[in-house]
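> Prediction below, plus the sequence it came from.
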Amino acid sequence: MSATATLPPAAMLLDSEEGSQYLEISMGPHHPSTHGVFRMNVVLDGETVIKLKPVFGYLHRNHEKIAENETYLGSMPYTDRLDYFCSLTNNWGYALAVEKLAGIEVPERAEYIRVITAELTRLQNHASLVGFLMQDMGASGTPLMYAFREREKILDLFEALTGARMMCNYMRFGGCRCDLPAGWLDWAKKVVASFPKFLDEFETLLVGNEIIMARTQGVGVLSRELAISAGITGPMLRASGVNYDLRKVDKYGIYDRFSFRVPLGDHGDVYDRYMMRLLEMRESLKILEQAMKDIPEGPFTDPKTKVRNFRPKPGEAYGRIEAPKGELGYYLISDGSPNPYRYRVRPPSLINLTVLEDMCLGRNVADVVITLGSVDIVLGEVDR
Amino acid sequence: MTPLNGYLLLAAFLFSIGLAGALTRRNAILVLAGIELMLNAANLNFIAFWRYGTHPEALTGTMFAIFSISIAAAEAAVGLGLILAVYRHFKTTDLDEIDSLKG
Amino acid sequence: MVGSGILKGLAETARNFVGSYASEERMTTVEYPEEKLPRIEASRNFPFLVFDGDDWHAGMRCVSCQICEKECPPKCIYIEKSTDKKPDAVGKLQNYPARFDIDISVCMSCQICVEVCPFDAIKMDNAFEYFATDRFGDLVLDKQKLSRSNEYYHQIHPTEAANVDAELAAARAKAAPKPAAPAAAAAAPAVAKPAAAPEVTASTANKPAANDPAKESNG
Amino acid sequence: MTILFLILAVLAIVGASAAMAFRSAVHAILALALAFVSLAILYLSLDAQFVGFTQIIVYVGAVAILAVFAIMMTRSDSAHHHTEVFSKSWLTGLVLAGGVFTVLAWAVLGDKTQHAAADAPAPVTTVTQIGEALMQRYAFPLEIMGLLLTAALIGAVVLAMPLLSNKSGAKSVTKGDAR
Amino acid sequence: MTLEALAALKLEIEKNVPGAIVEIITNPSVSAQHSLLIDNAHGLAVAMFLRDAPELKLDYCSNVTGIDWPSREMTEKTKVKKMVEGPDGPVEKLVDEVRKWTTPAYLEVVYHLYSMTLGTGPVILRLRTGDRGENVQVPSFYSVWRSCDLQEREVYDLYGVIFEGHPDLRRLLMWDEFTDWPMRRDYVDPDDYEYEPTAHDEVLTRAKAHYPAAAPAESGPAEDNA
Amino acid sequence: MASMNTGIVEQADQIFVVLKGAVVSHLPTILQPLVSAIISVIAVVAVFAGLFALTTVFERKGLGRMQNRLGPNRVGPFGFFQPAADGIKSLTKEDLVPRAADKIVHFLAPVVLVAASFLGYAVLPVGRNMVVTNLDAGVLYFFAAGSMVELGVFMAGWSSHSKYSLLGAMRAVAQMISYEVPLVLASISVIMTAGSLSTVDIVAKQAQYTGTIAHWYVFTPWGFAGFILFMIAATAESNRCPFDLPEGESEIIAGYFIEYSGFKFALFFAGEYLGMLATSALAITLFLGGWSAPFSFLAWVPSWIWFFAKLLTLIFCFIWVRGTLPRLRMDQLMGLAWKFMLPMTILNLFVAAAWRFVPGGLPVRWFVCAAMLVIPFALLSRGLRSEKKLQTRTYRFAE
């Protein structure tokens, strides 16, 4: 037994005054449920969480620094890689900030294209998030595969439009890179028309399921006050009952032209958060139907805006949009040179993680996993 | 040596080991384990006596063993519960330390 | 009653289980090497250099203006200008790249080089079955490995290529009155190939390309 | 005195001795489980099927597992704590145990009573017989046993139940201090 | 927020937070997002006021940004009419006058505030440190808006701004042992070069300098093509 | 069926028994029992190990189909040689033992686990006259063998010296102990009715027919409820979804066998599936009439085919459930065991007794017994809903 004496079990336990009765485990960065290289240092009493410290930075590549050394256009493909699930909304956020900074008008058709692509992005993000959440609950991948089946159709649409499935690099200051190809709109209409069938299937599979209810209801509760104070945005905020959707508040783009509703939860628990996503998908479908019906002919980009040698006048601007994960903001300072003087991304995923510990204390390991899953993070955006 | 004597000797030896363990170990759980071992040795005696006894059809030995096992189970449950309770109080299961601390 | 939701869910998976045998379109996956999804026309992967005619070096459209090198966000393009000049696609005498390297281990397929190129010389390929055995050598593609014929471009992006050819033809027509344009005439047949129907879904460029250096160089 | 008996006896003795001598409590319990299993097989070889299986269920499936659980919960695996394994009065205990064994062995070996022969036919005991005996002749002890087990169950739960104050304590752990 | 509204807000703040020094920083770009510069001593009080004032209710801090403003040499040429001693007496003449000055060096933290209750915003607050060396303290708004928690940690991590009153000011994205502030403009990458296949000769030179003993086989394909 | 030659039916049914008899009869009398036992054991081990391999393919293909994928289809026809490939892979993989692990216990754990998993098969009748040994206390033996699995699990988790494996082992052992209680209680209703602990007797009791319908216990209210309860407990005992917490990969990664690799990992995998097959087989024996046909006119199908057909059906149910449900949480799991399974199984015991003694014809007995089971369950559902513990919610929308 001498070989075993090298690493005493006492080393597995925290040295605390109460005698080593706590277990400290490091969940991640290589852990199947951390949605990337994310790490949580969790201190457990039995299986109850008594301390949880998120550790960031495993995917940090200093996106902001890169962008400050890049031309304005050159940063656009890098924004794809922030939240690699929703490159089109990232593009939009950045384009919006630059347009504010330089005062560029976006043609009508481009606005419609932006709304269509953004809402399609929202659909595929929410569908796969619910799938991942179920995966975290241990559902052997079935909901995830259904979500991916639908996501695939949307990604095909993206590929036909932008040339890439995930790293679209599609939006430009003052419009989009290219016009909708012939036949794309009909194809998209077909995809959107078949989406409710998938949502019905998804809801039959998930919504009434007692195990899911038992696992999620009352777990990871986030109060309304804390949610506001902690700057939580997106479906997570609305699950806590705060009516704050930038599509309604800022009415950026042309969102004031569409009629849609914003679902609100009352409990702020994991169940509400995942139901928010399911309900928001229905609303996104409404927007898509309206947008695809009304889309006008016309230029797809502002012809006055140069692609190269783009130099906005000195000044600063903060532009924000409602990305699927929450408020995605870009803050730009121009000093008149071709590179931004300061480029800042306000990542919804990172800020939504502020309250992770508050939601998990006193719960157990399994709850930590699904609470993290319900926050909807993508590490490309958290660490930037 | 008859078969019965073999079983009895084995039982006696196991009993002594259990007794030694119960008397010498510091860990309360292992003291309990020693006591279980002693009970087991007794059971072996019952079974052996029944098997090589004069009235095996009366099932006395089997019955005794069954009851003894049940009691052992109850004893283990309560004993371990006690040890847990003691542990919560003293933060140790070392009998010598519990003895010296006196609450 | 408790359990009804679970039963409903079970019914749903059973429906999918049976459905996967009944209807092919349900299936999420295809058996990849044997069966390939139809190529989507717009899809892009790594850049290549277009040349007209048969000689990759003579027909290369690139005039080494180095705009793409400057605009490339990850800076994966490296160009050295030639000292001499040769006629370009339109017939003007221009420099040509003495060296044109793209490091595809760094390239992120953003298409910005294509967007900024004023000479339609660099375009996006959609071949994705690359492999390399040497991590250092094979991932830096020189100009020969990068060049593809205009026919190949027509094959993978018919709509776009037809537009480009039309623009080039217009430019050539403008340049034609001037006498010294023998190279332009030589390059002209490149337009010959008719473009496929401009339908986004329809492009299935599975046939091996006539001149497909990608396969040769990487195969 | 068959070969089977010798093998099992050796296994039981080795298991039991190891259980009482191993430094690590978990190893000790695992060795004890070995002794329990050998004893169970001994019972089977003595044609006491029911008792043999019960032995495995109760001792291996419950007592040993409970013991390792208790060890885990009390973190009292002494293998790596540099504390003494045996108590201060270990010599007394050992001498006492040795004395007990001597007396018992002397009594067993000195016994001259005739018992059934070694090749006595195995008594046929079916589960039905055991059941009938329990329900008729041993009905009262059975009831008492049930009472005892219930009392033990409740007692164990009450003893092992964590104090309620512990739960609220978990929430008040300070957050915010570094890592 | 228009300049007039901002001026009104400035007065409001100065009325309610005695002693607070508020300065309006105009934004020349079309976005017209002007901001308020607040002195560090009264920062927390101003923030509290902005959050709690019933007509403002700026309960949501959306974005916290650090900005590095190193000292820069500024030159300005102005044409000034001056009497110049000409050959035939003093003549009034247009003369270039070059004015040179250096901007003060400081780190700046920008807060974008919105109101979730009222749906208004943004109100932009700026805090400045004394310099970029020792005096890099600004008050932390952690106690006002929880959303400053991770964002202020990030600014600390990347710029080295020390937020006084932040309960858990640790590095966020960089590892704990890291010592520099990577987002500052004078930051120089450490030479921990990782060799990559590259077409760029300068990068290759740097890689070779980092790995002086690199085998010729690894010298990269760039030469092969030349 | 009258035209069927009963002789052929008989031969098909007893073909393995006759074969074994033929082999054994050529040997000297002293060796006969030993050889007979060895042949039986080898046959059981081979068949169930093969079934384990088959199950892994079935599971992957079935899950794939439920998720609209194909599942493994490359190795051999329809991918059915996949387990062979997996086996070769796991055999040739490096066997990693953590430096801090308790080497001996680490090595012994999979051995104990697999050995204990195989022991239970000795008393399972896979066909008429096809059982390794007919023990008088067969069911008791089965549970005794099953209880040794827990020790193997604990050994694996503890010896690996990893926090995750220790957590997994504690979860697994707690879960297995808790669910053993309802598992045993659910089978007691059958034992009580059959009046025997012998698996062979229990099957024989069910292989009788009233009219065309067999006397399977699952065809009674208490038997049906007992079967459902038994299967729930069996799912938990074999650590299958939705009770797969001990290895819940999203929480504790792989649980107690996280530190195992190569062939030892495969042994754990095998042990788990063998446990699942064994408990399913016991469920068939206790509730589904073992090898007997459900209707008398189907009795011509060989008994062993019936047994394995039922086994595969139950395995499909396991796969089906796994493809649909997420897993429970630890406290919910324990709550289910003690607050739902235990009362229901005890109630089921009373119902089983009532079934025997309630006067009046079959309809009355059905009504009374079904009511005794359904009413408490309905009340439980209502209680959970009124406590807002399990409820779908309606949401408000902002325009």
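Cool, got the structure.
> And A:Arg344, how far from E:Glu108?
Separation of A:Arg344 from E:Glu108 (CB to CB, to the nearest Å): 12 Å. C-beta: built from backbone N, CA, C; applies to glycine.
> Show me which of those two is the more surrounded one.
Higher neighbour count among A:Arg344 and E:Glu108: A:Arg344, with 29 against 22, using other CB atoms under 10 Å in any protein chain shown.
> contact partners of stretch E:112-127?
Defining contact as CB atoms under 8 Å, 6 or more residues apart in numbering or on different chains, one finds that stretch E:112-127 is touched by A:228, A:242, A:244, A:249, A:318, A:329, A:331, A:346, E:1, E:9, E:25, E:33-38, E:40, E:43, E:46-47, E:50, E:56-65, E:108-111, E:138-139.
> how about it: buried residues?
E:112-117, E:120-127 (16 or more other CB atoms under 10 Å in any protein chain shown).
> again, but for stretch F:320-334
In stretch F:320-334, counting by 16+ other CB under 10 Å, buried: F:320-330, F:332-333.
> Spell out which two among the residues you listed are the most distant pair, please.
Greatest spatial distance in those: F:Trp320 and F:Met330, 24.2 Å, computed using CB to CB.
> how many other residues sit next to F:Val200?
Neighbour tally, F:Val200, other CB under 10 Å: 22.
> Then E:Met74?
E:Met74: 10 neighbours (other CB under 10 Å).
> Excluding chain neighbours, what is closest to the residue nearest to the spatial centre of chain C?
The centroid of chain C falls nearest to C:Asp125 when counting by CA atoms, centre = their mean (2.0 Å). Distances taken as CB to CB, 6 or more residues apart in numbering or on different chains put C:Phe48 closest to C:Asp125, at 4.7 Å, once the chain neighbours are dropped.
> helix or strand right after the helix or strand encompassing the one you found?
For C:Phe48, the element it lies in under DSSP states H and E is strand C:47-51. Counting by DSSP H and E, the next helix or strand C-terminal to strand C:47-51 is helix C:67-71.
> Residues touching that following helix, excluding its own?
A:71, A:73-74, A:308, C:75, C:77-79, C:112-113, C:116-118, C:122.
> By pLDDT, give me the weakest of those.
On pLDDT alone, A:Arg308 ranks lowest of the contacts of helix C:67-71, at 78.
> residues near it, how many?
14.
> What of F:Ala22?
F:Ala22: 9 neighbours (other CB under 10 Å).
> Return the distance of it relative to chain A.
46 Å (CB to the nearest CB, to the nearest Å).
> related to what we said a few turns ago, can you list the neighbours in contact with the strand holding C:Phe48?
Residues contacting strand C:47-51 (CB under 8 Å, 6+ apart): C:57-62, C:100, C:102, C:107, C:111, C:113-114, C:120-125, C:143, C:146-150, C:153, C:214.
> could you redo the last one with a cut-off of 7 Å?
C:59-62, C:100, C:102, C:113-114, C:120-125, C:143, C:146-150, C:153 (CB atoms under 7 Å, 6 or more residues apart in numbering or on different chains).
> do the same with stretch F:225-235
Under CB under 7 Å, 6+ apart, the answer for stretch F:225-235 is F:179, F:182-183, F:186-187, F:189-190, F:218, F:243, F:279-280, F:283, F:286-287, F:318, F:341, F:344-345, F:348, F:373.
> residues in contact with A:Pro296?
A:Glu108, A:Arg109, A:Tyr112.
> I meant E:Leu3, not that one.
E:Thr26, E:His34.
> can you rerun that using 10 Å?
E:Ile24, E:Thr26, E:Asn27, E:Ala32, E:His34 (CB atoms under 10 Å, 6 or more residues apart in numbering or on different chains).
> which SSE is C:Glu160 in?
helix C:158-175.
> Can you show me the strands along chain C?
C:47-51, C:77-87, C:93-103, C:122-124, C:140-141, C:147-149 (DSSP state E).
> Can the fifth one be said to contact chain E?
Yes: using CB under 10 Å from any CB of the partner chain, we find that strand C:140-141 touches chain E at C:Val140, C:Leu141.
> Okay, now the sheet partners of that strand, with direction.
As defined by DSSP bridges, the strand partners of strand C:140-141 come to strand C:93-103 (antiparallel).
> could you give the mean pLDDT of the partner strand?
Mean predicted lDDT for strand C:93-103 stands at 83.
> remind me which residues of chain B are low pLDDT?
When residues are selected by pLDDT under 70, those of chain B lie in B:1-2, B:96-103.
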